[in-house]
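Enquirer: Give the three-dimensional model of this entry:
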Amino acid sequence: MQTARIGDLDIHYQVFGEGEPVLLIMGLGTRGDSWTPMAQALAGSGYQAIQFDNRDIGWSSLVEHPQYEIADMAEDALGLLDHLGLDQVHLVGISMGGMIAQQLLTTHPARFRKAVLLATWAGGRDVVASPPELLAPALTPGLDHDTAQRRLLTAIAAPGFIDAHPELLAMVLEASRKRPASPAAVARQLAAVLRWSSWDKLPEVTTPTLVIHGDHDPLIPLANGQRIAERIPGARLLVLPGVGHLVPMEAPRETFTAIQRFLAEA
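Expert: Numbering: from 1, shown residues only. A predicted model of the protein is given here:
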């Protein structure tokens, strides 16, 4: 376990492999080690993969006060790159991590060679939101940890995926019992997400970008990924059929292959 002191925060991180560095940014309320299968696959392909816990999650510092923004979380990621002495890296972000990645692309473009945005949106008034009742079953008061997690995963994956893959559900439940996110921390991150938007700045992005989105994403519908790809000059869009919000879990081979090929291009 490695920790970087960034300002007054401790950011927990892990590094796999050697080669061109790839920074992996995870989504809302989720530890960085959810990237581990992808990080190991990238390391096996000759990259240095870096995963970390966002503030308020996992072994990184809790930030109860003051209120923070996506921009602050982006600065945490940038501080980690500085701590590691990395001037320029590839960037991969999913969901909220994709929002943090967009923030970085619009504020520090020289630091990033290529970017991959998975299952994310640009925020603001132009988002296509999920139905408000989507997460209600997972947010019922008094649920035990495993039941709440099972309902959450069922709600955001493609229909039927979790029931069809009990082995993946068991793996996620076991991992999530370690250092679980507090409801208050998740609420702070969610509030930052809802205040944020990159919409107006996306046409200024100069980093080559690949957008990957499932066409059955119930949480962040496909239209959001399509709009990001349309807004970023030259961006490519890969739509994964039958895939929901848990892109690397639901389509690991397709996701890794797309990322590896994109990063390897001259």
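
Enquirer: Do a quick rundown of the helices in the chain.
Expert: 36-44, 70-83, 96-107, 145-156, 161-164, 166-176, 183-195, 222-231, 247-250, 252-264 (DSSP state H).

Enquirer: Make TSV from those and add distance to Val239 to it.
Expert: (Glycine included, C-beta is placed from N, CA and C.) Below are the helices of the chain laid out as TSV (distance: least, C-beta to C-beta, whole Å):
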stretch	distance to Val239
helix 36-44	19
helix 70-83	25
helix 96-107	15
helix 145-156	17
helix 161-164	17
helix 166-176	22
helix 183-195	23
helix 222-231	7
helix 247-250	11
helix 252-264	11
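
Enquirer: highest average neighbour count across those?
Expert: Among these, ranked by average contacts under mean count of other C-beta atoms under 10 Å, first place goes to helix 96-107 (a mean of 26).

Enquirer: how much does that one deviate in direction from helix 70-83?
Expert: Angle, helix 96-107 to helix 70-83, by axes from the mean of the first three to the mean of the last three C-alpha atoms, to 10 degrees: 80 degrees.

Enquirer: Now tell me what touches helix 96-107 from outside.
Expert: Outside helix 96-107, the residues within contact range by C-beta atoms under 8 Å, 6 or more residues apart in numbering are 24-28, 54, 70-71, 73-74, 77-78, 91-93, 111-112, 115, 117-123, 189, 193, 196, 198, 201-202, 204-205, 207, 209, 228.

Enquirer: same thing with stretch 219-236?
Expert: With contacts defined as C-beta under 8 Å, 6+ apart, stretch 219-236 is touched by 95, 102, 117, 119-122, 126-130, 134, 155-156, 199, 202-203, 205-206, 208-215, 217, 237, 239, 244-245, 262.

Enquirer: Okay, now it: how far is its last residue from its first?
Expert: For stretch 219-236, the first-to-last residue distance is 21 Å (C-alpha to C-alpha, to the nearest Å).

Enquirer: what's the answer for stretch 108-123, then?
Expert: Span of stretch 108-123 from end to end, C-alpha to C-alpha: 19 Å.

Enquirer: Which one, of the helices of the chain, ends up nearest to Gln2?
Expert: helix 70-83 (9.5 Å; C-beta to C-beta).

Enquirer: ok now that closest one, how far from the chain's centre?
Expert: 14 Å (C-alpha atoms, centre = their mean, to the nearest Å).

Enquirer: send the alpha carbons of that helix over as PDB?
Expert: Extracted C-alpha coordinates of helix 70-83, given in PDB (Å, rounded to 0.1, in the frame of the first residue of the first chain):
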ATOM      1  CA  ILE A  70     -14.900  17.700  -9.200                       C
ATOM      2  CA  ALA A  71     -12.100  20.200  -9.900                       C
ATOM      3  CA  ASP A  72     -10.600  19.500  -6.400                       C
ATOM      4  CA  MET A  73     -10.700  15.800  -7.200                       C
ATOM      5  CA  ALA A  74      -9.000  16.500 -10.500                       C
ATOM      6  CA  GLU A  75      -6.200  18.400  -8.600                       C
ATOM      7  CA  ASP A  76      -5.800  15.300  -6.400                       C
ATOM      8  CA  ALA A  77      -5.100  13.200  -9.500                       C
ATOM      9  CA  LEU A  78      -2.700  15.800 -10.900                       C
ATOM     10  CA  GLY A  79      -0.900  15.900  -7.500                       C
ATOM     11  CA  LEU A  80      -0.500  12.200  -7.700                       C
ATOM     12  CA  LEU A  81       1.200  12.500 -11.100                       C
ATOM     13  CA  ASP A  82       3.500  15.100  -9.700                       C
ATOM     14  CA  HIS A  83       4.300  12.900  -6.700                       C
END
